[in-house]
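Chemist: I'll drop the sequence and a predicted model, then ask my questions.
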Amino acid sequence: MDVLNNLVFGFGVALSPENLLFCFLGTFLGTLIGVLPGLGPTATVAMLLPITFYLPPVTSLIMLAGIFYGSQYGGSTTAILVKLPGESSSVMTCLDGYEMARQGRAGAALAIAALASLFAGIVTTLVIAVAGPPLADIAILFGPVDYVALLTVGLIGAVVLAGGSIVKAVAMVLLGLLLGCIGTDLSSGEKRYTFDLVVLYDGLGFVPLAMGMFGITEIIASLDETGGRGRAMASIARLWPTKEDFRRSWPAALRGTLLGGALGILPGSSATLSSFASYALEKRISDRPQDFGKGMVEGVAGPEASNNAAAQACFIPMLSLGVPPNAIMALMIGAMMIQGIQPGPLVISSQPALFWGMIASMFIGNVLLVLLNLPLIGLWVRLLRVPYTILFPIILVFCALGTYSLNNSVFEVGIMAAFGVIGYVFRLTGCEAAPLMLGFVVGPMLEENLRRSLVISQGNFMVFVQSPISATLFALSAALLLLMLVPSLKRKREVL
Amino acid sequence: MSDEPNPVADSSGPHVSQDIVAGSMFVLFGVLGYLFSLQLSFGTAAELGSAFLPRLVSVLLVVIGVGIAIGGVVKSRAAIAFHSPRPLIVVTFCVVLFALTLETLGLVAAILLMVALSGLAGERRGVVTTLVLGVALSLTCVAIFIWGAQLPIRVWPV
């Protein structure tokens, strides 16, 4: 049992006092910030990135993963208690979760959400452990040509499967690619878009960009939407769900996990997609579909299991291929590169402690999450009552100071402010920041592989349809784009 | 308006199409990207120069941007909706001020200034609340970043 041995090795890494501590800190801080209204997982990870840079690579990625699923879970808490989804993947949880809360069963809803997430998290982590290495073994055989195709499919898939306008998402990806060009071009040594500013020679900072477009933009938008006030909230009477709740929840959680795990490896906001799919499925097979939206526990268990499974499954392409399927994984890739690790299929074999340690820490983190959340729910509730007018200066100071502390660079704080403004204007015009982040991270990889492909083929662009792998992947990209022209699908997408 | 923002009400300002603004921004970025790539070498197919990707992307941005903007003129669906420019201006100014004061006035003063100014962004805070928040936040940041992480950041004015 190779996987088993490796898992034991991974637990050895993850259970070291330092890693355990930072796994705990990550899940705790992730939940803490994820619970705050208006801060979704992407913003939370972006905000806390600088803290992790001072840690050794394995520890920092363990902590980042913890922050990620902590904030994902924190989003569910706010969805249930205040009907305010931290991210689109918790939207479905609002429907029945908040309704349960209004009926005085907030505790039961939270507990079911936590347990369903735990179950889904553990199952999906096992899937990563089993499927990751073989996938990486295949990906090692990929040449630059195939990588160009793979990255293209990833980008197109992310755009097509995300919500909102596709055209705008494509434009945002392109803008991200353009921003990724800033800095010294590695193969020619020419300076691109640096305007003779030495600070730009190494390229636009990844952290100020992410913090600006996710953190600062979010603050401005929340302030404008609520005027700095808090929101009404349900109270919690009884924590533990009834036997009846359990009986109805576990099959829903199981179905949600399967659905989320399967859809999760798709690029784009697959967590959102699979929570919608799970909710629809539960409603369809239920014998009382008319009661959905009125506090059905299946409507919480299914989508919660599903979005958590999908969120964890995103790690598969990130870890085994080095291809980020969404903005959060793009942040993870960025963090890896800052730590000096080249993302790609070689990570698993060359950094076994990183891969297996991270997987083991996901098991631990998922358990910690439940242990942390159910007893501490009172704390999160109190946190939710803190008015935003007090909270946002705190977040603002941490963003600014966090960015500054990376390179002691005032300029980068300015960059963050600029992207806060740019991000907000784009948000007002219905353009999301996630595709831009994806383009920004993928851009340099895409360019390098494109160049290498064309050097090998001596400038023949036909090379991309001659390799069977790349031809298949390009056909897939084309099919994905064509799929969007199908009217019925287009309508469904606009609902998302 | 800024003191009593209503989350439900739409912008009372003029009807500005989302698509026209978004499209124009993409066109602007595309044009700038193209212009500033002119001094770079384009290279050949076998040896792509540093201008290849930027120019390709810029051209695509302009094309798509024009498409989005035209769509906005023809159909003109969603309008830009926001209540007040105040949060945008105040938050941005806070961050810029923080950046400008950090290296001269030091961390504590920069935080206190930022907290004080941030009160203008939304609902009013009392003087006492602001003071307590500023002092507590300064102390936390000094504890984490100076005592804890030992970063070389100036704490007090020169």
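Modeler: Arrived safely.
Chemist: And the closest residue to residue A:429 other than its chain neighbours, how close does it get to residue B:119?
Modeler: Spatially, and ignoring its direct neighbours in sequence, residue A:429 is nearest to residue B:22 (3.8 Å; CB to CB, 6 or more residues apart in numbering or on different chains). Just so you know, the C-beta spots here come from the backbone N, C-alpha and C atoms, and that holds for glycine as well. As judged by CB to CB, to the nearest Å, residue B:22 and residue B:119 stand 32 Å apart.
Chemist: quick revisit: quick check, the residue nearest to residue A:429 in a helix?
Modeler: Yes - assessed with DSSP: H, G, I helix; E, B strand; the rest coil, residue B:22 lies in a helix.
Chemist: tally of neighbours for it?
Modeler: By other CB atoms under 10 Å in any protein chain shown, the residues close to residue B:22 number 27.
Chemist: swap in residue A:462?
Modeler: 7.
Chemist: quick one on the thing from earlier: and the residue nearest to residue A:429, what does it touch?
Modeler: Counting by CB atoms under 8 Å, 6 or more residues apart in numbering or on different chains, residue B:22 touches A:168, A:171, A:426, A:429-431, B:65, B:68-69, B:72.
Chemist: Most neighbours among the residues you listed, which one is it?
Modeler: residue A:171 (31 neighbours).
Chemist: so what pLDDT did that one get?
Modeler: pLDDT for residue A:171: 94.
Chemist: next one: residue A:335
Modeler: pLDDT, residue A:335: 90.
Chemist: What separation do you get for it and chain B?
Modeler: Using CB to the nearest CB, to the nearest Å, residue A:335 is found at 17 Å from chain B.
Chemist: swap in residue A:442?
Modeler: Counting by CB to the nearest CB, the gap from residue A:442 to chain B is 12 Å.
Chemist: And for residue A:130?
Modeler: Separation of residue A:130 from chain B (CB to the nearest CB) stands at 37 Å.
Chemist: next one: residue A:187
Modeler: Distance from residue A:187 to chain B, counting by CB to the nearest CB: 8 Å.
Chemist: Over to that residue. Which of the three states is it?
Modeler: coil.
Chemist: Kindly tell me how buried it is, as a neighbour count.
Modeler: 15.
Chemist: Under the pLDDT cut-off, which ranges of the stretch 151-300 of chain A? List them.
Modeler: A:161-163, A:227-239, A:268-269 (pLDDT under 70).
Chemist: In it, what residue spans correspond to strands?
Modeler: Taking DSSP state E, counting those that start in this stretch as the test, the strands found in the stretch 151-300 of chain A are A:183-184, A:191-192.
Chemist: same for the first one, what does it pack against?
Modeler: Read that as strand A:183-184. Contact here means 3 or more CB pairs under 8 Å, 6 or more residues apart in numbering or on different chains; DSSP states H and E; on that basis strand A:183-184 packs against strand A:191-192.
Chemist: Check the last one too.
Modeler: For strand A:191-192, the contact count by 3+ CB pairs under 8 Å, 6+ apart identifies strand A:183-184 as packing neighbours.
Chemist: Run through who's touching the strand it packs on.
Modeler: With contact meaning CB under 8 Å, 6+ apart, strand A:183-184 is reached by A:190-194, A:200-204.
Chemist: how about 6 Å then?
Modeler: Under the criterion CB atoms under 6 Å, 6 or more residues apart in numbering or on different chains, residues A:191, A:201-203 lie in contact with strand A:183-184.
Chemist: Could you pick out the residues of the stretch 151-300 of chain A near chain B for me?
Modeler: Residues of the stretch 151-300 of chain A lying close to chain B by CB under 6 Å from any CB of the partner chain are A:167, A:171, A:174-175, A:177-178, A:181, A:185, A:188, A:190, A:192-193, A:219-220, A:223-225, A:227-229.
Chemist: Mind giving me the ChimeraX command for buried ones among those residues?
Modeler: Buried members of those, defined by 16 or more other CB atoms under 10 Å in any protein chain shown, are picked up in ChimeraX with:
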select /A:167,171,174,175,177,178,181,185,188,192,193,219,220,223,224,225,227,228
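Chemist: of all of chain B, which residue lies closest to chain A?
Modeler: residue B:122 (2.6 Å; CB to the nearest CB).
Chemist: so what's the residue most central in space within chain A up against?
Modeler: Residue closest to the mean C-alpha point of chain A, counted by CA atoms, centre = their mean, is residue A:328 at 3.5 Å. Residue A:328 sits next to A:41-42, A:45 when contact means CB under 6 Å, 6+ apart.
Chemist: switch to 8 Å and redo it
Modeler: Residue A:328 touches A:41-42, A:45, A:68, A:314, counting by CB under 8 Å, 6+ apart.
Chemist: can you check residue A:360 too?
Modeler: Counted by CB under 8 Å, 6+ apart, residue A:360 has contacts A:7, A:10-11, A:13-15.
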